[in-house]
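Undergrad: Any chance you can model this:
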Amino acid sequence: MLKVHDNGEIARLMRDMGRRARAAARPLATAPSVTKRKALKAMGDALLANEQAILAANAIDMEKAAEAKLAASFVDRLKLTPERIRAMADGVREIAALPDPVGQVIAAWERPNGLKIERVRTPLGVIGVIFESRPNVTADAGALCLAAGNAVILRGGSDSLNSSAAIHACLVKGLEAAGLPADAIQLVPVADRAAVGEMLKGLDGNLDVIVPRGGRSLVERVQTEARVPVFAHLEGIVHVYVDKSADLEMAKRLVVNAKMRRTGICGAAETLLIDRAAAATHLVPILTALREAGCEIHADEEVMKAWSDAVPATDEDWVTEYLDAVIAVKLVDGVGEAIDHIETYSSHHTEAIIAEDEEAVARFFSEIDSAILLHNASTQFADGGEFGMGAEIGIATGKMHARGPVGVEQLTSFKYRVRGSGQVRA
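TA: Numbering: from 1, shown residues only. I've put the predicted structure just below:
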């Protein structure tokens, strides 16, 4: 961790990083696909070769987290294991195997006057990624930005700074192995929050977009203070609706997985809605499965009548992202009331319907305005890697430019190429 003494010194550090990122972005934007792939594959190799160094750095962060008595869900996101390091390396290699989006012709047409017009993908330029606790974001974000021809400045959380630094060192080795500028992927070396403030100002115009990935306080600050465009989601109030037509065994399996596989990720289910017409057959078996998996249940009055061993739900439960082994449960009058509840309380991240009735599914998909909708599948699939994107920087819930998993294609813009044969405008 670099020691700095005042905000002025931090401002100079950050502005210098911005200038170096802008300088690196230019050759990166025109780097051949084969060169970027070489760098990405070398990054994956370096992550595996340096597993012990990464684990040692993570152990320091984990020890500090224990001393600070951080929440279990936070610690789970922070922790690295050999399996998680291998998953990082696999994700980087999957990104390397994706088609290079830069230069892709999105659309082409010819005008009556003979002008030939193409819309072509281009890099965004320099991306700032601000994230908390998850050190694997260092690898995911660095690799995705590189694959899309962008330079990136990464600012990890103070709690994961040692882990992120060890991972970042592997990314730099990959860049150097391919002859690309090391400044293409930079990691902010200080924990001071003033560094975030400098990024939000845009680093003298050198940042083109900011992607925050973290809790409500971080995302709200970025959305409020940023002077550059932001790709973000505020939180994941994720719903699962079990229709009266749902297969019971499937519903039990999917609900438990959606909630309990990893409770601290943004795709974890937070609210369970069950069709009142299925309450007699589905409610108790599903809640029993959740309880056996270790989940605490917060229930509305109607659910409490059938399941008294629950915490009475309040209005706050319907807008809470627990990120823990807790779920809010409510009975609804069919798919229509489920849609009304979701549209009232959802953060427009991810919602799922478990049903065999195709009309109910069609209505759910048509009327709910969330970034990701699933039918008969766990909400834990709300992930760029599971979408075949290799990895993601985050899930964007806005409606401008990027929405859903932010992968390689979402980290590009476009320009128009117009070819003529001497045309002049009358």
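Undergrad: Show me what the longest helix along the chain is packed up against.
TA: Once the chain is assigned using DSSP state H, the helix that runs over the most residues is helix 7-29. Applying 3 or more C-beta pairs under 8 Å, 6 or more residues apart in numbering; DSSP states H and E, we find helix 7-29 packed against strand 116-123, strand 126-131, strand 151-155, strand 185-187, helix 194-201. (C-beta placed from N, C-alpha, C; glycine too.)
Undergrad: Pull out the buried residues from the very next helix or strand once past that helix.
TA: Using DSSP states H and E, the helix or strand that follows helix 7-29 in sequence is helix 33-49. Buried residues in helix 33-49, counted by 16 or more other C-beta atoms under 10 Å: 36, 37, 38, 39, 40, 41, 42, 43, 44, 45, 46, 47.
Undergrad: wait, what's in contact with the residue lying closest to the fourth one once chain neighbours are set aside?
TA: Counting by C-beta to C-beta, 6 or more residues apart in numbering, residue 39 lies nearest to residue 178, which is 3.6 Å off, once chain neighbours are set aside. Residue 178 makes contact with 35, 36, 38, 39, 42 under the criterion C-beta atoms under 8 Å, 6 or more residues apart in numbering.
Undergrad: Low-confidence stretches in the stretch 101-250 of the chain?
TA: Applying pLDDT under 70 to the stretch 101-250 of the chain flags residues 234.
Undergrad: Where do the domain boundaries of the protein fall?
TA: Domain assignment for the chain, taken from automatic domain parsing, gives 7-231+406-418, 238-381.
Undergrad: Redo those as CSV? Include distance to residue 394.
TA: Conversion of the domains of the chain to CSV gives the following (distance: least, C-beta to C-beta, whole Å):
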stretch, distance to residue 394
domain 7-231+406-418, 4
domain 238-381, 8
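Undergrad: Can you say which of those domains is nearest to residue 396?
TA: domain 7-231+406-418 (4.6 Å; C-beta to C-beta).
Undergrad: Quick one: distance of the closest one to the chain centre.
TA: In terms of C-alpha atoms, centre = their mean, to the nearest Å, the centre of domain 7-231+406-418 is set 12 Å apart from its chain centre.
Undergrad: Distance across it, terminal residue to terminal residue?
TA: Criterion C-alpha to C-alpha, to the nearest Å; first-to-last residue distance in domain 7-231+406-418 is 47 Å.
Undergrad: Residue 117 is in contact with residue 108, isn't it?
TA: Yes. Between residue 117 and residue 108 a contact is recorded at 6.9 Å, counting by C-beta atoms under 8 Å.
Undergrad: So the most centrally placed residue in the chain versus residue 202, what's the distance?
TA: The centre of the chain sits closest to residue 394, judged by C-alpha atoms, centre = their mean, with a distance of 1.6 Å. To residue 202, residue 394 is 20 Å away according to C-beta to C-beta, to the nearest Å.
Undergrad: Kindly report the same for residue 306.
TA: As for residue 306, its distance to residue 202 is 55 Å (criterion: C-beta to C-beta).
Undergrad: same check, this time on residue 89
TA: From residue 89 across to residue 202, the span is 33 Å (C-beta to C-beta).
Undergrad: And residue 268, by the same measure?
TA: To residue 202, residue 268 is 33 Å away according to C-beta to C-beta.
Undergrad: In terms of neighbours, single out the busier of those two.
TA: residue 268 (27 against 17; other C-beta atoms under 10 Å).
Undergrad: Let me know whether the more buried one touches residue 380 as I believe.
TA: Yes. Contact criterion C-beta under 8 Å: residue 268 and residue 380 qualify, at 6.8 Å.
Undergrad: Next, show the common contact partners of those two.
TA: In contact with both residue 268 and residue 380: 258, 261, 262, using C-beta under 8 Å, 6+ apart.
Undergrad: burial measure for the last one, as a count.
TA: What it means is residue 262. 14.
Undergrad: Verify the assumption that residue 365 is located in a helix.
TA: Yes. Assigned with DSSP: H, G, I helix; E, B strand; the rest coil, residue 365 falls within a helix.
Undergrad: Would you map the strands across the stretch 201-350 of the chain?
TA: Ranges of strands in the stretch 201-350 of the chain, per DSSP state E, counting those that start in this stretch, are 209-213, 238-242, 269-275, 296-299, 311-312, 326-332, 350-354.
Undergrad: Kindly spell out which helices and strands sit in contact with the last one.
TA: Packing contacts for strand 350-354, counted by 3+ C-beta pairs under 8 Å, 6+ apart, involve strand 238-242, helix 248-260, helix 334-345, helix 358-367, strand 372-375.
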